[in-house]
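Chemist: Need the 3D shape of this:
(one chain, ligands or ions: 1)
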Amino acid sequence: MARRFRKKIPQGSVTVTIDRLSHDGRGIGKLDGKTLFVDNALPGESVVARYVNSRNQFDELVAETHNSRSAERVEPACVKANICGGCSLQHMHPDLQIRHKQQVLLDQFTHFGSVQPETVAPPLVADHLGYRTKARLGVKYVRKYDHVLVGFREKHSNFLTAIESCPILVPAIGEQIEALKVLVRGLSTYEAVPQIEIAFGDSRGAIIIRHMEPLTAADEALLKQFGSEHTLAVYLQPKGPDTVHCLYSPWGEVDLTFASVEGLTMHFRPTDFTQVNLPMNRMMLAQTLDWLKPEANEKVLDLFCGLGNFTLALARHAANVTGVEGSQDMAEQGYRNASANGLDNVQFYAANLHDAELFAGTKPLPWDQTYDCVVLDPPRTGAEEICRTMKRFAPARILYVSCNPATLARDAGILATQGYRLKKVGVMDMFPHTTHVESMALFEKS
Ligand SMILES: C[S@@+](CC[C@H](N)C(=O)[O-])C[C@H]1O[C@@H](n2cnc3c(N)ncnc32)[C@H](O)[C@@H]1O
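Modeler: This is a model prediction of the structure:
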């Protein structure tokens, strides 16, 4: 078998002038004809950069000194921003970040080539700090220093970043990173806790402690005390995701909640999918209603509906909304949310929406009918199978919410072959300071 050798990383530093940004927000420059991708470098800047990786076609570097500074360079909100892999864009002014994300989106339409949006809507932006309600934090005991790290991985390494706080997470947990470290170090199994997940609603939050070894009664008492002192629910995960259970909740057996739009309150469990940025979620739902304009006599199909985030907002306006979701548990949570909000014009179904056979007409679908509007909010892989057979549902309008511009551009091309025009697109700053590009697209039948 051929052995792959890692290319030797050049030693020393080089001076590079940055021409433009890559899709992941790194500065791009050239040296002796070779392309360089440089972290922490903005267009127009001249930087002195150190190599971190070398490939045949390009090298990867990190800027260490800035000979000239872009007017759109800002001081990062986090002192570890240049080390921590959780954020990549903190050195960019938020206006540049969102302009860059819009360009990434438009580049994908150009790259796929078959469809161009008729209009580009202004970006949706909200607070860019303290927004993140969901995260998976790595945990590691470092024997040499007898201390515990809690945080995200470093850039260009598998080590966890030594952070004391995180300004991106909601403050209720972002300011408690030190307390989490002390908590884990106090457990008898401090070497066997690899991860802590966090999940917050508007006012209540939970932590999920993954532990590889059984906890003692003293450990459980410590965790309950932490939950009580910090007003947090504490969940344990001894094995796979199905083993997550509540150890302590300050509110008894109640779900977390977030306010949506139209006076709706959404209930969720810490392991359910929810949008990470709650103010942006509300803006996204308001824009959905504004773009789609569901009428009182219309039927809507909401695909990849989760626990009914779009479904219920649409149901406030439309005659009837059908939500379809891969997880049976989430579909059931959708019904609970409908009932808690007094809505009875919705149905939820569980189905694998990436199963091409589902749409081939060979399998019976309980929700197989025509609709006035379809909402799609797929994972990164997109919604190719559905888009190929969209005529089955015959919607006049399609609203597509995307977390991956490449699959959105691909699916837009597929929808174009079925007679849909791309009326508008717009980016939404769901994950400020990271390279995630969230966007919305409206298609109409020509
Ligand atoms: C981006 S989330 C959107 C959820 C929801 N629309 C919201 O706003 O909260 C994508 C959803 O698709 C679901 N999903 C992932 N793969 C799926 C599949 N193959 N079939 C159906 N649903 C799937 C996930 O469980 C998740 O709820």
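
Chemist: Next, the buried residues of the longest helix seen in the chain.
Modeler: As assigned by DSSP state H, the longest helix anywhere in the chain is helix 94-112. Under the neighbour-count criterion of 16 or more other C-beta atoms under 10 Å, helix 94-112 has 94, 96-102, 104-106, 108-109, 112 buried. Glycine gets a C-beta too; all of them are placed from N, C-alpha and C.

Chemist: Pipe those into JSON lines and attach pLDDT and distance to residue 233 per row.
Modeler: JSON lines is the format used below for the buried residues of helix 94-112 (pLDDT from 0 to 100; distance: C-beta to C-beta, whole Å):
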{"residue": "94", "pLDDT": "96", "distance to residue 233": "32"}
{"residue": "96", "pLDDT": "97", "distance to residue 233": "38"}
{"residue": "97", "pLDDT": "98", "distance to residue 233": "33"}
{"residue": "98", "pLDDT": "98", "distance to residue 233": "34"}
{"residue": "99", "pLDDT": "97", "distance to residue 233": "39"}
{"residue": "100", "pLDDT": "98", "distance to residue 233": "37"}
{"residue": "101", "pLDDT": "98", "distance to residue 233": "34"}
{"residue": "102", "pLDDT": "98", "distance to residue 233": "38"}
{"residue": "104", "pLDDT": "97", "distance to residue 233": "37"}
{"residue": "105", "pLDDT": "97", "distance to residue 233": "37"}
{"residue": "106", "pLDDT": "97", "distance to residue 233": "42"}
{"residue": "108", "pLDDT": "96", "distance to residue 233": "40"}
{"residue": "109", "pLDDT": "95", "distance to residue 233": "43"}
{"residue": "112", "pLDDT": "86", "distance to residue 233": "44"}
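
Chemist: ok so, going back, looking just at contacts, which helices and strands does the longest helix of the chain meet?
Modeler: helix 405-417, strand 420-428 (3 or more C-beta pairs under 8 Å, 6 or more residues apart in numbering; DSSP states H and E).

Chemist: Give me the contact list for the very next helix or strand once past it.
Modeler: As assigned by DSSP states H and E, the chain's next helix or strand after helix 94-112 is strand 119-120. Strand 119-120 has contacts (C-beta atoms under 8 Å, 6 or more residues apart in numbering) with 102, 106, 423, 424, 425, 426.

Chemist: Looking at the buried residues of helix 94-112, which is nearest residue 322?
Modeler: Nearest to residue 322, judged by C-beta to C-beta, of the buried residues of helix 94-112 is residue 105 at 28.7 Å.

Chemist: how close does the closest one get to the ligand?
Modeler: Noted for residue 105: a distance of 17 Å to the ligand, by C-beta to the nearest ligand atom, to the nearest Å.

Chemist: Output stretch 431-440 as CSV, restricted to C-alpha atoms.
Modeler: Coordinates of the C-alpha atoms in stretch 431-440 are reproduced here as CSV (Å, rounded to 0.1, in the frame of the first residue of the first chain):
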residue,chain,number,x,y,z
PHE,A,431,-23.7,32.5,13.9
PRO,A,432,-21.7,35.7,14.1
HIS,A,433,-17.9,35.4,14.3
THR,A,434,-18.0,31.9,12.8
THR,A,435,-17.9,30.9,9.1
HIS,A,436,-21.4,29.4,9.1
VAL,A,437,-23.5,31.0,6.3
GLU,A,438,-27.3,30.8,6.9
SER,A,439,-29.6,32.1,4.2
MET,A,440,-33.2,32.2,3.0
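
Chemist: Any idea how far that stretch is from the middle of the chain?
Modeler: Centroid separation between stretch 431-440 and its chain, computed with C-alpha atoms, centre = their mean, to the nearest Å, is 8 Å.

Chemist: next one: stretch 237-253
Modeler: Relative to its parent chain, stretch 237-253 has a centroid offset of 23 Å by C-alpha atoms, centre = their mean.

Chemist: cool, and stretch 293-310?
Modeler: Worked out by C-alpha atoms, centre = their mean, stretch 293-310 lies 21 Å from the chain centre.

Chemist: quick one: average pLDDT of it?
Modeler: The pLDDT scores in stretch 293-310 average 98.

Chemist: now check whatever helix or strand residue 348 lives in, is it near the ligand?
Modeler: In the assignment (DSSP H and E), residue 348 maps to strand 346-350. No. Strand 346-350 does not reach the ligand (C-beta under 6 Å from any ligand atom); its nearest approach is 7.8 Å.

Chemist: send the alpha carbons of that strand over as CSV?
Modeler: Only the C-alpha atoms of strand 346-350 are listed here, as CSV (Å, rounded to 0.1, in the frame of the first residue of the first chain):
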residue,chain,number,x,y,z
VAL,A,346,-51.4,21.3,12.2
GLN,A,347,-50.3,17.7,11.7
PHE,A,348,-46.8,16.3,12.2
TYR,A,349,-45.3,13.2,10.6
ALA,A,350,-42.0,11.4,10.9
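
Chemist: Paired strands for it, with orientation please.
Modeler: Applying DSSP bridges, strand 346-350 is found paired with strand 320-325 (parallel).

Chemist: Surely residue 183 forms part of a strand?
Modeler: No. Under DSSP: H, G, I helix; E, B strand; the rest coil, residue 183 falls outside any strand and is assigned helix.

Chemist: Can you get me a residue count around it?
Modeler: 26 (other C-beta atoms under 10 Å).

Chemist: what's the closest non-adjacent residue to it?
Modeler: Of all residues not flanking residue 183 in the chain, residue 226 sits nearest, at 5.1 Å (C-beta to C-beta, 6 or more residues apart in numbering).

Chemist: Mind picking the two most distant members of the contacts of strand 119-120?
Modeler: Maximum pairwise distance in these, criterion C-beta to C-beta, is 16.7 Å, between 102 and 423.
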